[in-house]
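[1] just to be clear, the model below is a prediction. Sequence and coordinates:
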Amino acid sequence: MIEAYVLVRVQPARLEEASNLMQSIKDKIKTTKGVKEIKGVFGRYDFVVLANTETLQELGNLVTSLVRNIKGVSETETLVVGF
């Protein structure tokens, strides 16, 4: 089992759109297979996602094919749990 934290940055949005955009992205990530938990955070990134997959390839697909393709996601960084 591969466990990882995925840090997600969202493209800046106008203030009146920001809340809806953030909630929409959070809802889409939350329903992605392999995602166990998602938290909105303050700082350099906007979300911290806990993901569990069977293989590194599945983790890569989760991040590159699913999360990064969500409209509004501008950047991700994946931290694989080592110990």
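    Happy to help now that I have it.
[2] all strands for the protein, in order.
    Remark: strands of the chain, listed N- to C-terminal, are 2-10, 35-40, 47-53, 73-80; assignment by DSSP state E.
[3] helices or strands next to the last one in the packing?
    Same thing as strand 73-80. strand 2-10, helix 56-61 (3 or more Cβ pairs under 8 Å, 6 or more residues apart in numbering; DSSP states H and E). In this view, the C-beta of every residue, glycine as well, is placed from N, C-alpha and C.
[4] so how far is it from its chain's centroid?
    The chain centre lies 7 Å from the centre of strand 73-80; the measure is Cα atoms, centre = their mean, to the nearest Å.
[5] show me what that strand pairs with in its sheet, parallel or antiparallel.
    When pairing is defined by DSSP bridges, strand 73-80 lines up against strand 2-10 (antiparallel).
[6] ditto for the second one
    Sheet neighbours of strand 35-40, with direction, are listed as strand 47-53 (antiparallel) (DSSP bridges).
[7] with only the CA atoms kept, save the partner strand in CSV.
    Taking C-alpha atoms only, strand 47-53 is exported to CSV below (Å, rounded to 0.1, in the frame of the first residue of the first chain):
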residue,chain,number,x,y,z
PHE,A,47,-5.3,21.7,-0.1
VAL,A,48,-3.5,18.8,1.5
VAL,A,49,-4.8,15.5,0.2
LEU,A,50,-4.1,12.1,1.8
ALA,A,51,-4.1,9.4,-0.8
ASN,A,52,-3.7,5.6,-0.6
THR,A,53,-3.1,3.5,-3.7
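[8] appreciated, that's everything.
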